[in-house]
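Undergrad: Pasting the sequence and the predicted coordinates here, then a few questions.
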Amino acid sequence: MIFEQQWQALHRTASDDGESLRRVVEDSKANAWLVIRGSSRLRLLRVEVPSDEGLEDLPQSAGIGLQIRQSQDGKYLLEVSLLNGDFEKIFDVFANDLLVAISEVVDWNQIGIVVAGRIELWQEFLKSQHEGLSAERVRGLVGELVTLRKLSQTLGFTSVVKSWAGPRGFSQDFHFKNSALEIKSSASKKPQSIQISSERQLDDAGLENLFLWHISLDERIEQGETLPEIVESIRANIGDLSVKMEFNLSLILSGYHDIHAAKYSKTFLVRSESLYRVMGNFPRITEGQCPSGLGNVKYSIQAGALDEYVESEAAVIDELSRTND
């Protein structure tokens, strides 16, 4: 459910006075409108709700406004508004997620509860991501996106973007049906160690195949690509609007926002890549090995100890392609 075409149509017909609006999700129990406001041309999502119960004290965040008001005929209207054009991509994903949620409500009286719940989740998330990514998380996201871009050359962006599962809380970064792929990036000098952040990351329980893709990065000045450049190169090659929206949502869930792009000026070059099949006596700690009460296990693996588990890139991509058919 993507509304970019409706937004663009409203932009074309908008005037400097008043507002232009269009009703959407017409088969829903909720009444919802996309709105373009006056000369600012900023976007607004308006949703009719049964009452203001649970919506009286809406949390606020920079760039996105929330308010509940009553119309002249006494109806309660929730308005989610874009206050700053720099937040447009975040707003679009937020508004789209809200519309999807209300379109699935079967009881009109539950719409306010659903709306309040979704807003609370998003506002808490946006609050936690306000400062941008740490240097370590930037390296990690660079590794994931470099891999996503490479896999998409063979498997297609639709398949790979939908398989990017790490931002949604999965134990591994990519899931292709019964196969999973965990990406680890490092920038340290040899001998390199691979940092594992939980007892579930290299646990292949329930999987036919689990692969570990280790990417060694060089951090340079004015050589290679910055994180925002990698993001834009992927966006530019995704033709399907719904896939692009899903990619943007995954970026937001990863903590990446375009408003922070200027902070990510460091450039990266891929120095080397190594792929391993995780199986058998692969050096790891899994959930089943942990005594009761032990969790959140972090450990490191020396890359030099993994020679017998090495797989070729072609073999891994072929395996992922086969399991994803």
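TA: Cool, the structure landed.

Undergrad: got any ranges where the stretch 151-300 of the chain has weak pLDDT?
TA: Across the stretch 151-300 of the chain, residues meeting the criterion (pLDDT under 70) sit at 188-191.

Undergrad: If we use 90, what do you get?
TA: Scanning the stretch 151-300 of the chain for pLDDT under 90 picks out 167-171, 177-178, 186-193, 198-199, 205-206, 219-223, 239-246, 248-250, 252-263, 286-297.

Undergrad: how about the strands of it, start to end?
TA: 174-176, 179-186, 193-196, 209-220, 225-226, 267-277, 299-302 (DSSP state E, counting those that start in this stretch).

Undergrad: Asp240: which of these is closest?
TA: strand 174-176 (18.5 Å; C-beta to C-beta). Every C-beta, even on glycine, is put in place using the N, C-alpha and C of the backbone.

Undergrad: list the helices and strands the closest one packs on?
TA: Packing partners of strand 174-176 (3 or more C-beta pairs under 8 Å, 6 or more residues apart in numbering; DSSP states H and E): helix 135-155, helix 157-163, strand 179-186, helix 313-324.

Undergrad: Just the CA atoms of the second one, as CSV, please.
TA: Below are the C-alpha coordinates for helix 157-163, written out as CSV (Å, rounded to 0.1, in the frame of the first residue of the first chain):
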residue,chain,number,x,y,z
PHE,A,157,16.3,-6.0,-5.4
THR,A,158,12.7,-7.1,-4.6
SER,A,159,13.9,-10.5,-3.2
VAL,A,160,16.9,-9.1,-1.3
VAL,A,161,15.2,-6.1,0.2
LYS,A,162,12.4,-8.3,1.5
SER,A,163,15.0,-10.7,2.9
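
Undergrad: what comes up buried for that helix?
TA: Neighbour-count burial for helix 157-163, counted by 16 or more other C-beta atoms under 10 Å, picks out 157, 159-163.

Undergrad: same question, stretch 201-214
TA: Here stretch 201-214 shows 201-204, 207, 209-214 as buried, counting by 16+ other C-beta under 10 Å.

Undergrad: same question, stretch 77-93
TA: 77-83, 87-93.

Undergrad: Mind listing residues that contact it?
TA: If you take C-beta atoms under 8 Å, 6 or more residues apart in numbering as the criterion, stretch 77-93 is touched by 3-4, 7, 37, 42-49, 55, 62-71, 94-95, 98, 115, 119, 126, 245, 248-249, 252, 257-259.

Undergrad: If any of the residues you listed are buried, give me the ChimeraX selection for them.
TA: Remark: buried members of those, expressed as a ChimeraX selection using 16+ other C-beta under 10 Å:
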select :3,7,37,42,43,44,45,46,47,48,49,55,63,64,65,66,68,94,95,98,115,119,126,245,248,249,252,257,258,259
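
Undergrad: Which members of the contacts of stretch 77-93 occur in helices, if any?
TA: 4, 7, 94-95, 98, 115, 119, 126, 245, 248-249, 252 (DSSP state H).

Undergrad: now, among those, which is nearest to Pro228?
TA: Set against Pro228, the nearest of the ones in helices among the contacts of stretch 77-93 by C-beta to C-beta is Asn248 (13.3 Å).

Undergrad: on that earlier part again, out of the buried residues of helix 157-163, which is nearest to Glu229?
TA: Of the buried residues of helix 157-163, the one sitting nearest to Glu229 (C-beta to C-beta) turns out to be Phe157, at 17.4 Å.
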